[in-house]
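# One predicted model, sequence on top.
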Amino acid sequence: MREILHVQGGQCGNQIGAKFWEVVCAEHDIDSTGRYQGDTELQLERVNVYYNEASCGRLVPRAVLMDLEPGTMDSVRSGPYGQIFRPDNFVFGQSGAGNNWAKGRHSLGGGTGSGMGTLLISKIREEYPDQMMLTFSVFPSAKASDTVVEPY
């Protein structure tokens with residue numbers, strides 16, 4: 001059986017991740033509470049790749065959501081599919097990296113997603129060297145930045 005653990009980090013990663021889960025839920029006919037609403041077993045055939053089934057029959061995304069500050073986590077939690085995640089899968093600090101690459105470790109832009117994400121990836125690679133890993137990087141844009149110095 002193949003299982004995928006979805007790790008999303010930082011503001012951008014969590015915003016993209018929230019949309020990702022909305023799409024996956026729609027494809028499998030899973031509502032915002034984690035209940036299957038479809039009428040064909042075909043949609044549930046490989047649902048365990050992305051979801052765990054809770055004891056109450058709810059489908060819960062196999063995901064970890066991380067950030068250095070709680071703002072984005074609060075947005076995801078209050079979003080349309082925020083209640084589908086387990087509360088202990090939200091990992092966050094109280095003060096963000098503030099676009100300071102030194103605070104986030106290494107950064108393409110921002111601080112948590114690329115900075116803290118890079119550290120997390122290297123630690124996961126050390127611990128699980130034989131597992132496949134796939135990452136998606138989002139590069140900063142001067143046209144869509146929260147901070148004027150972010151793309152530099």
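Yep, that arrived.
# OK, contacts around Q131?
Residues in contact with Q131 (C-beta atoms under 8 Å, 6 or more residues apart in numbering) are I124. Any C-beta I mention is one placed from the backbone N, CA and C, and that applies to glycine too.
# Swap in 10 Å and give it another go.
The contact partners of Q131, taken as C-beta atoms under 10 Å, 6 or more residues apart in numbering, are L5, I124, R125.
# State the distance from it to G13.
Relative to G13, Q131 is positioned 20 Å away (C-beta to C-beta, to the nearest Å).
# same thing with V64?
Going from V64 to G13 by C-beta to C-beta gives 11 Å.
# Give me the more crowded residue out of the two.
G13 (25 against 18; other C-beta atoms under 10 Å).
# Can you check which residues contact both of V64 and G13?
With C-beta under 10 Å, 6+ apart as the test, V64 and G13 both reach V7.
# Flag every buried residue along the top helix by length along the chain.
Using DSSP state H, we find that the single longest helix of the chain is helix 10-28. For helix 10-28, the neighbour count (16 or more other C-beta atoms under 10 Å) marks 10-15, 17-18, 20-21, 24-25, 28 as buried.
# now these as a markdown table including distance to Y81 and pLDDT?
Formatted as a markdown table, the buried residues of helix 10-28 follow (distance: C-beta to C-beta, whole Å; pLDDT from 0 to 100):
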| residue | distance to Y81 | pLDDT |
| --- | --- | --- |
| G10 | 19 | 83 |
| Q11 | 17 | 83 |
| C12 | 18 | 82 |
| G13 | 16 | 86 |
| N14 | 12 | 90 |
| Q15 | 13 | 90 |
| G17 | 10 | 93 |
| A18 | 7 | 94 |
| F20 | 10 | 95 |
| W21 | 5 | 96 |
| V24 | 9 | 94 |
| C25 | 6 | 95 |
| H28 | 12 | 93 |
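# of all the residues you listed, which comes closest to Y50?
Nearest to Y50, judged by C-beta to C-beta, of the buried residues of helix 10-28 is V24 at 5.9 Å.
# if I read this right, that closest one contacts P61, doesn't it?
Yes - using C-beta atoms under 10 Å, V24 is in contact with P61, at 7.8 Å.
# Which stretches in this protein count as strands?
Ranges of strands in the chain, per DSSP state E, are 6-9, 51-53, 59-61, 63-67, 90-92.
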